[in-house]
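In: structure of the sequence below:
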Amino acid sequence: MGLTCANATFGTDTGSISEADTKANRVNHSLSNSCVISIAELDTGDKTFSTKTPAVFEVLPKERADLNLFYETPTTSIILKDGMFIRLADTSAVTQPFRSTATIIVSNTNNTSNNQFQVDPAQLLQDCPAGQEIEIGVKDANGDVVYALSNGKTIPGVLKGKDKNGKKLFDAPTVESIIKVEGEGVTLVAARNRLYYGKSDPAYIKAREAAAKNPNIKKAKRVTAKQAGTTEGNNQAVINQDALERVALELESAVANGMPMEFATMIIQGSYQATTGLIKISAPIVARSIDPQFAKEGKPNQTSGKEAFREEHSPPASVIGGSLIWAIKNGQVKSVMEGVRNNYVQVLLSKADDVKIDRAGLDSTLPDGVNIMTPNAGILRFAASGINLNTIVDFKTGKSFAETMNVSVAKSLSLIHI
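Out: This next block holds a predicted model:
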């Protein structure tokens, strides 16, 4: 996972994820090019690099606000890479779990979600319990912080002093100092899920100027379940889709002009991982289960909760993200966005039906032979999960999904729960 230095405390604080989010919103570690995270779990399973029992750390990222081209971003970032140092955030602590030479290993975790890294057990002096804050970062040969540049090189940070424990504190280098060393066109690497590294980013300044010339562009924001089926909610969904297309086209252009594809990928991933991420909020809420019920068996949030339904994205938001990543790489954003607008929806789905999607193995994917360009792809996923399409009604037409797909049965039969 990419780690952003500002507001970047991750993981659990020996408690729930909500507690971690609360902590992440009030703790700021923007004084150096490193990130402080909290250990969520120590996994000594079978993911190996040179031993059968490696220490695999998994961290829970803070949920981010919706992706916005003109969002005020942190001034620097770190993306996890092999060889970064790892140490206890409290360097004054008497007991240290890591050797001074400890570094992380990312490449061999076999983890596609990029939220895990390894530490060689030989570099661990003792267990690092849940809630313990650790720091990960990059240093030069002198042990000073360095910052990643868009040309793949690094540049030293600007020493600003020391904290009360004697730890060196650094500021990011200025645009002028980067140009002096590397020439025009080289910048700091933008924070994960962001197009710009900060307000001094020349690209950010240019974007702000462009935005000022288009004051009528409406802001993307989440449509709530209470707004489902309303004119207000439907209009906002279109605004959100327009914003998603603008961002995807911006990324497509940037990649075509030399921006590394991995940066675009990270931005898109961030926009579907957060509840208020741009991909998540771009799916209009089009239908509801007519008789939502809690599941008798399943996850805690399926068997209980405030509501007996969940806002189910279909196709899953991760599928949309993957489709857009392909489109950005291949210059096909316009075509893929047509499929997104036509087939990407949300449904206020009964939690009893949500369990069926999990059991069918379709919680994060589509059935074989179905993609975002397939008409009614989201509905086909429900059908493949064994959900009774007669029990889901479209807000706009008043028809059931079964009628939409021409597979309806008599209502007196469709409401029988077996």
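In: just to check, residue 149 is in contact with residue 172?
Out: No: counting by CB atoms under 8 Å, residue 149 sits too far from residue 172 to count as a contact (11.0 Å). Backbone N, C-alpha and C define where each C-beta goes, glycine included.
In: show me where pLDDT drops low in the chain?
Out: 1-80, 89-93, 107-116, 129-132, 137-143, 190-204, 206-208, 210-216, 408-418 (pLDDT under 70).
In: which helix runs longest in it?
Out: Counting residues, the longest helix in the chain under DSSP state H turns out to be helix 231-256.
In: elements contacting that one?
Out: Other helices and strands packing on helix 231-256, by 3 or more CB pairs under 8 Å, 6 or more residues apart in numbering; DSSP states H and E, are helix 261-273, helix 278-281, helix 317-330, helix 333-343.
In: reformat those helices as TSV; add distance to residue 159 and mean neighbour count.
Out: Formatted as TSV, the helices and strands packed on helix 231-256 follow (distance: least, CB to CB, whole Å; neighbours: other CB atoms under 10 Å):
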stretch	distance to residue 159	mean neighbour count
helix 261-273	28	21
helix 278-281	37	26
helix 317-330	38	21
helix 333-343	43	18
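In: need those in a markdown table with distance to residue 296, can you?
Out: Compiled in a markdown table, the helices and strands packed on helix 231-256 are given as follows (distance: least, CB to CB, whole Å):
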| stretch | distance to residue 296 |
| --- | --- |
| helix 261-273 | 30 |
| helix 278-281 | 28 |
| helix 317-330 | 27 |
| helix 333-343 | 31 |
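In: so which of the ones you listed comes closest to residue 297?
Out: helix 317-330 (24.7 Å; CB to CB).
In: returning to what we had before: overlap in contacts of residue 149 and residue 172?
Out: residue 188 (CB atoms under 8 Å, 6 or more residues apart in numbering).
In: more neighbours: which of the two?
Out: With neighbours defined as other CB atoms under 10 Å, residue 149 and residue 172 compare such that residue 172 has more, 23 against 17.
In: nearest to residue 363, of the helices and strands packed on helix 231-256?
Out: helix 317-330 (9.7 Å).
In: what's next to that closest one, contact-wise?
Out: Contacts of helix 317-330 (CB under 8 Å, 6+ apart): 248, 251-252, 255, 261, 264-265, 268-269, 271-272, 277, 279-280, 282-283, 313, 332-333, 335-337, 339-340, 344, 364-366, 371-372.
In: who touches stretch 355-375?
Out: Contacts for stretch 355-375 (CB under 8 Å, 6+ apart): 295, 297-299, 302, 312, 315-316, 318-320, 323, 336, 338-340, 342-344, 377, 380-382, 384-387.
In: may I see the buried residues of it?
Out: Within stretch 355-375, the residues that count as buried by 16 or more other CB atoms under 10 Å are 355-357, 360, 362, 366-367, 370, 372, 374.
In: of the helices and strands packed on helix 231-256, which approaches residue 189 most closely?
Out: Comparing the helices and strands packed on helix 231-256 by CB to CB, helix 261-273 comes nearest, at 7.7 Å.
In: SS state for residue 134?
Out: Put simply, residue 134 is strand when judged by DSSP: H, G, I helix; E, B strand; the rest coil.
In: neighbours of residue 126, how many?
Out: By other CB under 10 Å, neighbour count at residue 126 equals 9.
In: A strand includes it, no?
Out: No: Residue 126 sits outside any strand when classified using three-state DSSP, being coil.
In: the nearest residue to residue 218 once chain neighbours are set aside - how many residues pack around it?
Out: What sits nearest to residue 218 in space, not counting adjacent residues and going by CB to CB, 6 or more residues apart in numbering, is residue 239, at 4.8 Å. Counted by other CB under 10 Å, the residues lying close to residue 239 total 17.
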